[in-house]
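In: have a look at this fold, sequence not included:
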Ligand code: SF4
Ligand code: SF4
């Protein structure tokens, strides 16, 4: 037998790169996914900027800038690997900007970004560990903290706005939003019906609606972006379909107009871009459907029977909290744990 | 095409065009044959020769008295130059017999197998045949299933679902009649009535060749969807027979035996020609000058075969023994071809998955869940394993994982899922969890 020492004295054995299997990887990477989301939001965002000008730009810059800077600073302080390259902070910043009114003071946007990234994301351990959607936490916190300031934010009153009937409640502010939705909700609460024709609002809501948040300027462009994400396999159709489907169905059941209720307010931005956030939604397919339906039900019930018309934020945050439980309900049975005849169905 | 797809799976580009059309040619006789004593699952062999001994082609150089094992034969006539540990393709050092082949080789003859002619099991054992699909489980053991099981079905695996590899494809094409005959021997040995050959539908020529060769034999050639891991035992059985292997059990429990096409040919040669397993068909593909399919002598240094296939191209990075989904990256090319080496694939830096540090976050995108053919939650097993939470690893059924690599392949953050899951499985097995 040869002795081992003699052999190890010769040339090094390890001459090539080694790494664990699999040695090839699918093309799609995390930053590419985020780029798709950004690209899908872009038409709606640019259309908002085109129509609203500087205030919209300031809101975007302040929100995105503070999100990215907060993540950068957190990583630097904690001496962690820099993660801004995954682009998720940009997505959060865009969503935050699109969920507030365009004339929101820049410093409120910045606080929103710091809360979104610092409190809702990095404190939990960064991307992948947060329980609640960062952008929505940021929005909820600034809306609640500066109720007074936000109610002073002058709403954009575009050309369509004047065509509306006088709101029943008479109270106009940017939180309740001097929006069609707010007026409709107030009408409904006061008179049990509507003082204007909901169906006449579809056009403006789809293409140009300036009195809500930045993300409400064009429902049409949001739908377009959402469809692109579904077709590209970036998001699972189950969440938006469950969400929008249940909003439409319940509005109809409660005697309102289903299309109006889908188009008005934050439902579309929420259903396509916020509820579909991977990290804070269920990972199982059935779970995602249940999650989407839950968001829709919560959203519409609180819209009709709660104090505020705009409840998308809270609907999604509430369901975020339930996501882990929903996943537990749909734990898969491994292949071979059940009878073959059943396995087909369970695996389908 | 049979439509009974398994759940999950993925579709890596198959990259077989480089070698699928290349007929099998004899590999070179190297200046050194290195025969590890453990080329199979089970007990390693004990060397039966010493330095300086003369050996003949077909002579047994290592064997052991153990149920799960397979003897090792010399594929050349020559002189034993060393008996000692060498580096193997698996990356571990193992006892091996090194032989310097004679300058004159007669590869048409060999020392015939010593075993009763009509005893297929004993013949297969004596021939040292193991599963040639890569797992290298001793075939004779598979032919002796536990008494309580009745085998009614034999499924021959011709899927070759790993990218790049085309050795099984070539065997089916060039030796279709031998495959059919070998399958017949296996089926007869275990008393199975139904025989299927499952082939992915990206090999229509192989399917046609096999169908033409059935010649009235009771063999059904089943065209299966091209989808990774179609060739994984449980997924193949499901696709062909509609039976699911119960967790923790052997396919024999549901009356099925699976063998690779190359194994079927080896069984035929052992029975008909008394020929031991001394060579195998293997693919050298990827970033090499002349991608080829070789009938390689077992023990040939991979370096020699890569040279025969035109050598590595300048941009070659990782070199893998086996396919890129489950194979092992070679630390050195100075390792021998063993019975389970179905191919060697050289990947360029660009084609390779990035080398990661394990710090990749899970963004809960669900792609691994969708891709897992065992219907597991790979992300959850991996995260628990990462934090040494073995109860969680067990609760998420880590032991059902077949290590196919689909989860890691699809993960957009490149989290090393299979690697973490393997760590978790090892920990569970160490604790004796079944
Ligand atoms: S968990 Fe195991 S069986 Fe599932 S995809 Fe990953 S490696 Fe394959
Ligand atoms: S594919 Fe990767 S990122 Fe997606 S859920 Fe699985 S582990 Fe997480």
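Out: The structure has been received and is ready for your questions. As the structure is a computational prediction, the values presented were derived from the model and not from experiment. Numbers count the residues shown, from 1 in each chain, chains lettered A, B, ... in the order given. Ligands and ions are numbered 1, 2, ... in the order given.
In: flag the shaky bits of the chain, pLDDT-wise.
Out: Assuming you mean chain A. Low-confidence segments of chain A (pLDDT under 70): A:1-14, A:151-178, A:338-348.
In: ah, I was thinking of chain B
Out: Using pLDDT under 70, the flagged stretches of chain B are B:1-4, B:434.
In: mind listing what the residue sitting nearest the centre point of chain A touches?
Out: Note on chain A: the residue nearest the mean C-alpha position is residue A:274, at 1.4 Å, using CA atoms, centre = their mean. Going by CB atoms under 8 Å, 6 or more residues apart in numbering or on different chains, residue A:274 touches A:95, A:99, A:133, A:135, A:136, A:312, A:316. All C-beta atoms are positioned from the backbone trio N, CA, C, and that covers glycine.
In: so what's the residue count around whichever residue of chain B sits closest to chain A?
Out: Residue nearest to chain A within chain B: residue B:7 (3.2 Å; CB to the nearest CB). Close neighbours of residue B:7, defined as other CB atoms under 10 Å in any protein chain shown, add up to 19.
In: please name the nearest non-neighbouring residue to residue A:302.
Out: Setting aside the residues directly before and after it, residue A:302 is nearest to residue A:311 in space (CB to CB, 6 or more residues apart in numbering or on different chains), at 4.0 Å.
In: checking residue 108 next. Helix, strand or coil?
Out: This is for chain A. helix (DSSP: H, G, I helix; E, B strand; the rest coil).
In: wait, I meant chain B there
Out: coil.
In: over to it: give its phi and psi.
Out: phi -90, psi -10 (degrees, to the nearest 10).
In: what about it, how many residues close to it?
Out: 6.
In: cool, and residue A:193?
Out: 11.
In: and residue A:184, what element?
Out: According to DSSP states H and E, residue A:184 maps onto helix A:180-191.
In: same question for residue B:198.
Out: Using DSSP H and E, residue B:198 falls in strand B:194-200.
In: paired strands for that strand, with orientation please.
Out: Strand partners for strand B:194-200, identified by DSSP bridges, are recorded as strand B:153-158 (parallel), strand B:219-224 (parallel).
In: point out the most buried one among these.
Out: A comparison of the strands paired with strand B:194-200 by mean neighbour count, using mean count of other CB atoms under 10 Å in any protein chain shown, puts strand B:153-158 on top with a mean of 26.
In: and the helices in chain B?
Out: Taking DSSP state H, the helices of chain B run over residues B:120-126, B:139-142, B:167-174, B:176-190, B:204-214, B:233-241, B:261-273, B:302-308, B:367-371, B:378-386, B:390-395, B:406-410, B:417-430.
In: chain B - how does it break down into domains?
Out: With domains defined by automatic domain parsing, chain B comprises B:120-273, B:367-430.
In: separation between whichever residue of the stretch 201-348 of chain A sits closest to ligand 2 and residue B:379?
Out: Residue of the stretch 201-348 of chain A nearest ligand 2, by CB to the nearest ligand atom: residue A:283 (6.2 Å). For residue A:283, the distance to residue B:379 (CB to CB, to the nearest Å) stands at 7 Å.
In: enumerate the residues of the stretch 301-434 of chain B near ligand 1.
Out: Within the stretch 301-434 of chain B, the positions near ligand 1 by CB under 6 Å from any ligand atom are B:371-374, B:376, B:378, B:401-407, B:417-418, B:421.
In: just among those residues, which is most surrounded?
Out: residue B:407 (32 neighbours).
In: where's that one relative to residue A:212, distance?
Out: On the measure of CB to CB, residue B:407 and residue A:212 end up 42 Å apart.
In: repeat that for residue B:19.
Out: 60 Å.
In: contacts only, for residue B:81.
Out: Contacts of residue B:81 by CB under 8 Å, 6+ apart are B:32, B:51, B:98, B:99, B:100.
In: one step back: also near chain A: which of the residues of the stretch 301-434 of chain B next to ligand 1, exactly?
Out: Contacts with chain A within these, counted by CB under 8 Å from any CB of the partner chain: B:373, B:374, B:376, B:405, B:418.
In: thinking again about what came up before, give me the buried entries from the contacts of residue A:274.
Out: A:95, A:99, A:133, A:135, A:136, A:312, A:316 (16 or more other CB atoms under 10 Å in any protein chain shown).
In: in JSON lines, list those residues along with secondary structure and distance to chain B.
Out: JSON lines is the format used below for the buried ones among the contacts of residue A:274 (DSSP: H, G, I helix; E, B strand; the rest coil; distance: CB to the nearest CB, whole Å):
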{"residue": "A:95", "secondary structure": "helix", "distance to chain B": "16"}
{"residue": "A:99", "secondary structure": "coil", "distance to chain B": "21"}
{"residue": "A:133", "secondary structure": "coil", "distance to chain B": "12"}
{"residue": "A:135", "secondary structure": "helix", "distance to chain B": "15"}
{"residue": "A:136", "secondary structure": "helix", "distance to chain B": "16"}
{"residue": "A:312", "secondary structure": "helix", "distance to chain B": "21"}
{"residue": "A:316", "secondary structure": "helix", "distance to chain B": "15"}
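In: now render these as a markdown table, adding distance to ligand 2.
Out: Shown next, in a markdown table, are the buried ones among the contacts of residue A:274 (distance: CB to the nearest ligand atom, whole Å):
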| residue | distance to ligand 2 |
| --- | --- |
| A:95 | 20 |
| A:99 | 25 |
| A:133 | 17 |
| A:135 | 20 |
| A:136 | 21 |
| A:312 | 25 |
| A:316 | 20 |
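In: let's have the residues you listed in a markdown table, adding distance to residue B:332.
Out: Output for the buried ones among the contacts of residue A:274, formatted as a markdown table (distance: CB to CB, whole Å):
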| residue | distance to residue B:332 |
| --- | --- |
| A:95 | 51 |
| A:99 | 57 |
| A:133 | 49 |
| A:135 | 51 |
| A:136 | 53 |
| A:312 | 59 |
| A:316 | 54 |
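In: out of the residues you listed, which one sits closest to residue B:323?
Out: residue A:133 (40.2 Å; CB to CB).
In: quick one on the thing from earlier: return the distance of the strand holding residue B:198 from the chain's centre.
Out: 17 Å (CA atoms, centre = their mean, to the nearest Å).
In: so that strand versus helix B:176-190, what angle?
Out: Here strand B:194-200 runs at an angle of 140 degrees relative to helix B:176-190 (axes from the mean of the first three to the mean of the last three CA atoms, to 10 degrees).
In: got the contact list for strand B:194-200?
Out: Residues contacting strand B:194-200 (CB under 8 Å, 6+ apart): B:152-161, B:172, B:179, B:183-184, B:187, B:206-207, B:210, B:217-227, B:230-231, B:236, B:239-241, B:261.
In: again, 6 Å this time
Out: Residues outside strand B:194-200 that contact it (CB atoms under 6 Å, 6 or more residues apart in numbering or on different chains) are B:153-156, B:158-159, B:183, B:187, B:206-207, B:210, B:219-222, B:224, B:226, B:230, B:236, B:240.
In: same thing with stretch A:300-320?
Out: With CB under 6 Å, 6+ apart, stretch A:300-320 has contacts from A:132-133, A:136, A:139-140, A:181-182, A:185, A:247, A:250-251, A:254, A:265-267, A:270, A:274-275, A:280, A:291, A:294-295, A:298-299.
In: go again with 7 Å.
Out: Stretch A:300-320 is contacted from outside by A:131-133, A:136, A:139-140, A:176-177, A:181-182, A:185, A:247, A:250-251, A:254, A:261, A:265-267, A:270, A:274-275, A:280, A:291, A:294-295, A:298-299, using CB atoms under 7 Å, 6 or more residues apart in numbering or on different chains.
In: which positions within it qualify as buried?
Out: Buried, per 16+ other CB under 10 Å, within stretch A:300-320: A:300, A:302-304, A:309-320.
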